[in-house]
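Enquirer: Following is a predicted model, sequence given first.
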Amino acid sequence: MAAESVVTMLARSLHLASRRSLAAARPLAARATFCSSAESNASVFNPTPEHAELRDLVRKFAAAEVEPQALEFNRAEKFNFPLYKRAGELGLLGVTVDPEYGGSGMDATAACIVHEELSYSDPAFCLSYLAHSQLFVNNLARNGTEAQLQKFMPAMCSGEKIGGMGMSEPACGTDVLAMRTAAKKNGDGTWTLNGAKMWITNGAVSDTELGDTFLVYARTAGPEVKASKAVSLFLVEKGMPGFSLGQRLKDKLGMRASCTAEIVFEDVVLPAENLVGTEGGATVCMMRNLEIERVVLAAMGVGIARRSLEVMNAYATERKAFGSSLVEFGQIQRHIAESYAEYMAGKTYLYDVSNKLDLDSTGNRLDTDGVKLYCTTMGKNVADRAIQVLGGYGYMGEYRVEQMWRDAKLLEIGGGTLESHHKNMVREMAPMREMP
């Protein structure tokens, strides 16, 4: 299916299903201020007409359906499953998956566009979208067998089911290859899985219910085997005996409408066909998928920054103090001007990286780490400045920037800590004698 036909399909779906909610959606102040002129004139953000149409569609969906629910679901710490299914109806859940399996057949830049636009309205909902669409769906699309794709992808792309990925553990985060979760091969070709995974987005969809299917990394060889050759990847499905929800993790600083959980495996027997890729070959799968994960997390930082910048600019223009608009004071001008420059620098870096990224490739660590390193902290800093410009109002939920600030902090930790990016980047740069 051509990209144009995919966008046409999305447009038709959005038009038919969202006209009433589009009309009813609360307008967002100065929404187009920092996007329309830049995006229409700089093709790096929308390299093809199909990308531009996709951005417009997701922006309308976010305004009509994501924005109105964001405060309610964040305050309640609940995941909006009906909204997730709407994203499936629009074809967004498999944006990088071949249409043969229910996806939209687009690229890394399309994935970034969706994450940027959703994060503008609700980073928490976007985080759950990321865990499903990239950590599970894109990961399986790149590494799964034909039989696995035929079995799992249609329901995942439609929104009938929700997926996630298990890599981090209670005592193992950045040092991921030190994982203790292990799978032992049985004589009949099945595997027995034991262990636990922690901080799993979509690990639960409520306080008591697991997500549907997970890609889980586990050690399948003893200590005599090099760690990078000892990890395998498995499909683990809800309902398998021994697979349970350890705990739903609540009272988080941010991303409260995205369910985070500990998931537990106690003698879970996995059929041979649930092995993804080759035995001991999952490190390549992991590193390849970490690259796109880091790029879309950077896109979330850009979305947070754009929202925060628009809010602070509009407020500073309208609010009067000492007989003048706040925007006339040098201290406020610095917050706004520096935020705009950093936002544009980050957005340009983001789409330069995504436009060059082949989702089937590996070895892109310098800039996939680099863009996440820059854009995630940039998004947090712009949200922080927005709170400062708004003063007491910025501290309250109504203007949303306090949520943006809280949510942005997770981006500096999840998908790789800032410190891990420093390490990875310097290693990649060591043989370089000239900079790009």
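Expert: Cool, the structure landed. Residues are numbered from 1 along each chain as shown.
Enquirer: going forward, measure contacts and count neighbours with C-alpha atoms only.
Expert: OK.
Enquirer: what's in contact with stretch 164-179?
Expert: 131-132, 135-136, 180, 196-203, 211, 213-219, 227-228, 231, 416-417, 420 (C-alpha atoms under 8 Å, 6 or more residues apart in numbering).
Enquirer: Now name the helix or strand holding the residue sitting nearest the centre point of the chain.
Expert: With distances taken as C-alpha atoms, centre = their mean, residue 130 lies nearest the centre of the chain, 3.2 Å away. Following DSSP states H and E, one finds residue 130 within helix 123-130.
Enquirer: mind giving me the domain ranges of the chain?
Expert: As given by automatic domain parsing, the domain ranges for the chain are 3-162, 164-282, 290-429.
Enquirer: pLDDT on the first one, on average?
Expert: The reference is to domain 3-162. Averaging pLDDT along domain 3-162 yields 84.
Enquirer: Farthest from the middle of this structure: give me that residue.
Expert: Going by C-alpha atoms, centre = their mean, the residue of the chain most distant from its centre is residue 323, 43.6 Å out.
Enquirer: could you say what helices and strands the helix holding residue 130 packs with?
Expert: Applying 3 or more C-alpha pairs under 8 Å, 6 or more residues apart in numbering; DSSP states H and E, one finds that helix 123-130 makes contact with helix 108-121, helix 282-318, helix 401-411.
Enquirer: residues contacting residue 76?
Expert: Contacts here follow C-alpha under 8 Å, 6+ apart; on that basis residue 76 touches 256-257.
Enquirer: for this protein, what spans make up the helices?
Expert: Along the chain, counting by DSSP state H, helices occupy 3-24, 36-41, 49-61, 70-76, 81-89, 108-121, 123-130, 139-143, 146-158, 282-318, 330-356, 365-390, 401-411, 418-429.
Enquirer: relative to helix 108-121, how tilted is the third one?
Expert: Here the directions of helix 49-61 and helix 108-121 differ by 20 degrees (axes from the mean of the first three to the mean of the last three C-alpha atoms, to 10 degrees).
Enquirer: mind listing what's buried in helix 49-61?
Expert: Neighbour counts using 16 or more other C-alpha atoms under 10 Å place 50-61 of helix 49-61 among the buried residues.
Enquirer: circling back to that earlier point, let's have the helices and strands packed on helix 123-130 in TSV, adding distance to residue 381 and mean neighbour count.
Expert: Converted to TSV, the helices and strands packed on helix 123-130 look like this (distance: least, C-alpha to C-alpha, whole Å; neighbours: other C-alpha atoms under 10 Å):
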stretch	distance to residue 381	mean neighbour count
helix 108-121	15	26
helix 282-318	8	25
helix 401-411	8	25
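Enquirer: Tell me which of these approaches residue 96 most closely.
Expert: Closest to residue 96 of the helices and strands packed on helix 123-130, according to C-alpha to C-alpha: helix 108-121, at 7.0 Å.
Enquirer: How about the contacts made by the closest residue to residue 213 other than its chain neighbours?
Expert: Of all residues beyond its chain neighbours, the one nearest residue 213 is residue 237 (4.4 Å), with distances taken as C-alpha to C-alpha, 6 or more residues apart in numbering. Counting by C-alpha under 8 Å, 6+ apart, residue 237 makes contact with 212-214, 243.
Enquirer: residues contacting the residue nearest to the centre of the chain?
Expert: Contacts for residue 130 were tallied using C-alpha under 8 Å, 6+ apart; they are 115, 293, 296.
Enquirer: Now do the same contact list for residue 205.
Expert: When contacts are counted by C-alpha under 8 Å, 6+ apart, residue 205 touches 79, 81, 211, 259.
Enquirer: With distance to residue 106 and neighbour count as added columns, please give those in CSV.
Expert: Listed next are those as CSV, based on distance: C-alpha to C-alpha, whole Å; neighbours: other C-alpha atoms under 10 Å:
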residue, distance to residue 106, neighbour count
79, 26, 21
81, 24, 16
211, 26, 22
259, 27, 28
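Enquirer: As JSON lines, these with distance to residue 360 would be great.
Expert: As requested, those are arranged in JSON lines below (distance: C-alpha to C-alpha, whole Å):
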{"residue": "79", "distance to residue 360": "31"}
{"residue": "81", "distance to residue 360": "30"}
{"residue": "211", "distance to residue 360": "27"}
{"residue": "259", "distance to residue 360": "29"}
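Enquirer: ok, of the residues you listed, which one's closest to residue 429?
Expert: Of all the contacts of residue 205, residue 259 has the smallest distance to residue 429: 36.9 Å, by C-alpha to C-alpha.
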